[in-house]
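In: Okay, predicted coordinates and the sequence, questions at the end:
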Amino acid sequence: MTALGWAAAALLASAPPAAEPPSLTAWHGSWVGEGEAFGKPATATLEIAPGEGGATMLSYRLSIERTPPVAYSAEATYAVDAKGRVGGKWTDSTGRTRAVAGGVNAAKWWTHWGSADVEIGRSTYVLDESGRLLVSDSVLQEDGGWRVFAVLRYTRKNP
């Protein structure tokens, strides 16, 4: 082998392994949660699973304890690019469809959704060390601050 060949082989041998591309795989599974939404006790379920073309599908069901009880549901599709940027859409039981954009890292997935003509919101999905999931939803206020309207803690039922 020539000196150039040895140099190339040494560089390739010392190259770090390719990093896993960002994904939402860590969040896949069936989840059951409880917490508070709109100032009232709430329970929810999340089904997060692989979708077509590498996308992630999310199905959300929320029940809020009040008179009368409130039931809300939504379906979403998310795609993650090589830089960890998340894009997709969220369609809910009120008939609204919202564009979603955000990002993901090892323990946190965040999205911003909506538009200025209706409302702008954000959702964060944080996995803690124990494997539980904390989801927080906020809406942008006129003063530029965020008002949290729902916080639920989820336990994975199955992967």
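Out: Structure received.
In: Bridged to Thr56, which residues?
Out: Bridge pairing for Thr56 (DSSP bridges) gives the partners Pro50, Tyr78.
In: Surely it is in contact with Thr77?
Out: Yes. Using C-beta atoms under 8 Å, Thr56 is in contact with Thr77, at 7.4 Å. Yep, even glycine has a C-beta here, placed from its N, CA and C like the rest.
In: Give the helix, strand or coil label for the closest residue to Pro69 other than its chain neighbours.
Out: Nearest residue to Pro69 in three dimensions, chain neighbours excluded: Ser63, at 6.4 Å (C-beta to C-beta, 6 or more residues apart in numbering). At Ser63, secondary structure determined by DSSP: H, G, I helix; E, B strand; the rest coil is strand.
In: which residues in this structure form strands?
Out: 29-37, 40-50, 56-64, 70-80, 85-92, 97-104, 108-115, 119-127, 133-140, 146-158 (DSSP state E).
In: Okay, buried residues for the second one please.
Out: By that I understand strand 40-50. Buried residues in strand 40-50, defined by neighbour count with 16 or more other C-beta atoms under 10 Å: 42, 44-46, 48.
In: how many other residues sit next to the closest residue in space to Thr94 that isn't next to it in sequence?
Out: Using C-beta to C-beta, 6+ apart and skipping residues adjacent in sequence, the residue nearest Thr94 is Tyr72, 7.7 Å away. Using other C-beta atoms under 10 Å, Tyr72 is surrounded by 16 other residues.
In: ok, now how distant is Val118 from Gly95?
Out: 12 Å (C-beta to C-beta, to the nearest Å).
In: any idea how far Val126 lies from Asn105?
Out: Val126 is 10 Å from Asn105, where distance means C-beta to C-beta.
In: Looking at the two, which one has more neighbours?
Out: Set Val126 next to Asn105 and count neighbours by other C-beta under 10 Å: Val126 wins out with 13 against 9.
In: beta partners for that one?
Out: Lys108, Leu134.
In: returning to that earlier point: out of Val118 and Gly95, which sits in the busier spot?
Out: Neighbour count, other C-beta under 10 Å: between Val118 and Gly95, Val118 has more, with 9 against 6.
In: got the contact list for the more buried one?
Out: Arg96 (C-beta atoms under 8 Å, 6 or more residues apart in numbering).
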